[in-house]
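S.K.: need coordinates for the below:
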Amino acid sequence: MLCETMKRFNEACNRIAETVFAMHSANKVEIHKTVYYPVREHFGLSSQLTIRAISKVCEAYKRDKSIKPEFHLDGAIVYDQRILSWKGLEKVSLITLQGRQAIPIRFGEYQKARLDRIRGQADLILVNGIFYLCVVVEVDEETPYDPKGTLGVDLGIKYLAVDSDGEVHSGEQINQTRERLDSLKARLQSKGTKSAKRHLKKLSGRTARFSRDVNHCISKHIVTKAKDTLRSISLEDLQGIRSRVTVMKAQRRRLHTWNFGLLRTFVEYKAKVAGVPLVFVDPRNTSRTCPSCGHVSKANRPTRDEFRCESCGFAGPADHIAAMNIAFRAEVNQPIVAGKHLTSVTSSGL
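M.R.: Below is the predicted model of the structure:
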């Protein structure tokens, strides 16, 4: 029932996409006038499901008008409050090709405590043969406080995050897990047996889930630490970092599988909920600038982990130095300047 509704909905989306691309228009009103009745008649969708299909296609076309949107037959169905309603804690009422159906549901304690906060539309998705409803919940945000200092955070690959206090969050566990699972997948794929294929299906998404869990824990710790000390958080603006950075061949895979955007997103939304001010700074030369004298040079970083200023001799772990510069840069809102006397930072301080 749900599978057939999902298939028909996405077939309708592909038909609507042909019209949208031919008209070169993402105007929902104009597209509605053109496709509404033919789509309802041909695909048997309800009125509101047809409207949601038109909306889905138009939103997809807006993202890139140079190509025609294409939708997998098991793509998400978009439900709004007119075609979805919650029936207590046990069922949800959804519109299908067979009309309204009460579908049994189950969820954890975390979701149960937030059912009264559900707002707007929901997406019905199919993952590994299981249907999920992805909903938006409304979360109260605390009023941002006036910070008394800044906690700078340097994001990286070897160390996922290092803050300006010197606290290190290593990424080695994620890298080891990824390499172990990739090696296992390669061996299973080379066998090609039915048993190997079943095992591969079980492994699907395991690395991503593990990475998300680690990033959740790190981001929660960073935000809690900043709030407890009444400091703001400063991060580097790493948009486009992969195209700007050159690494050795052996490191390319780590760079292109480095999900720094996920950690940044987690820190961003957790900080907003907690009322912690968040600032993004220019990442250029944060690991090459001396926070003591302001001297900038590639030679200040003789190795990946070591920083030693060739001008004044200030030294310390490179990622810690970068985090300090990020914090200073956020506080002054301009490139680091000379004149601030600091003592050397040693590895034992981490």
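
S.K.: name the helices or strands packed onto the strand ranked longest in the chain?
M.R.: Longest strand of the chain, by residue count under DSSP state E: strand 118-127. Contact here means 3 or more CB pairs under 8 Å, 6 or more residues apart in numbering; DSSP states H and E; on that basis strand 118-127 packs against helix 2-23, strand 77-79, strand 130-137. For glycine as for every other residue, the C-beta is placed from the backbone atoms N, C-alpha and C.

S.K.: please name whichever of those is nearest to residue 328.
M.R.: strand 130-137 (37.1 Å; CB to CB).

S.K.: got the angle for that closest one vs strand 118-127?
M.R.: 160 degrees (axes from the mean of the first three to the mean of the last three CA atoms, to 10 degrees).

S.K.: the next helix or strand along the chain from strand 130-137 pairs with which strands?
M.R.: Remark: after strand 130-137, the chain's next helix or strand is strand 150-155, criterion DSSP states H and E. Partner strands and pairing direction for strand 150-155 (DSSP bridges) are strand 159-163 (antiparallel), strand 232-236 (parallel).

S.K.: in JSON lines: those strands, plus mean pLDDT and mean neighbour count.
M.R.: Formatted as JSON lines, the strands paired with strand 150-155 follow (pLDDT from 0 to 100; neighbours: other CB atoms under 10 Å):
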{"stretch": "strand 159-163", "mean pLDDT": "88", "mean neighbour count": "25"}
{"stretch": "strand 232-236", "mean pLDDT": "92", "mean neighbour count": "26"}
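
S.K.: distance to residue 309 for those strands - can I get that in a markdown table?
M.R.: Formatted as a markdown table, the strands paired with strand 150-155 follow (distance: least, CB to CB, whole Å):
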| stretch | distance to residue 309 |
| --- | --- |
| strand 159-163 | 18 |
| strand 232-236 | 20 |
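
S.K.: re the thing from before, the longest strand of the chain pairs with which strands, parallel or anti?
M.R.: strand 77-79 (antiparallel), strand 130-137 (antiparallel).

S.K.: avg pLDDT for the first one?
M.R.: It refers to strand 77-79. Strand 77-79 shows a mean pLDDT of 92.

S.K.: okay, buried residues for that strand please.
M.R.: Neighbour counts over strand 77-79 (16 or more other CB atoms under 10 Å) mark 77-79 as buried.

S.K.: show me the contacts for residue 6.
M.R.: Contact partners of residue 6, counting by CB atoms under 8 Å, 6 or more residues apart in numbering, are 73-75, 77, 124, 126.

S.K.: now do the end-to-end distance for stretch 141-152.
M.R.: 22 Å (CA to CA, to the nearest Å).

S.K.: flag every buried residue along it.
M.R.: Neighbour-count burial for stretch 141-152 [16+ other CB under 10 Å]: 147, 150-152.

S.K.: could you do stretch 42-51 as well?
M.R.: Applying 16+ other CB under 10 Å to stretch 42-51 flags 43, 45-46, 49-51 as buried.

S.K.: mark which of these are part of helices, please.
M.R.: 43, 49-51 (DSSP state H).

S.K.: mind putting the residues you listed into JSON lines with distance to residue 27 and pLDDT?
M.R.: Listed next are those as JSON lines, based on distance: CB to CB, whole Å; pLDDT from 0 to 100:
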{"residue": "43", "distance to residue 27": "22", "pLDDT": "93"}
{"residue": "49", "distance to residue 27": "20", "pLDDT": "94"}
{"residue": "50", "distance to residue 27": "16", "pLDDT": "94"}
{"residue": "51", "distance to residue 27": "14", "pLDDT": "94"}
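
S.K.: quick one: which of those is nearest residue 105?
M.R.: Checking those one by one against residue 105 (CB to CB), the nearest turns out to be residue 49, at 19.7 Å.

S.K.: ok, the residue nearest the centre of the chain to residue 158 distance?
M.R.: Nearest to the geometric centre of the chain sits residue 262, at 3.6 Å (CA atoms, centre = their mean). According to CB to CB, to the nearest Å, residue 262 and residue 158 sit 17 Å apart.
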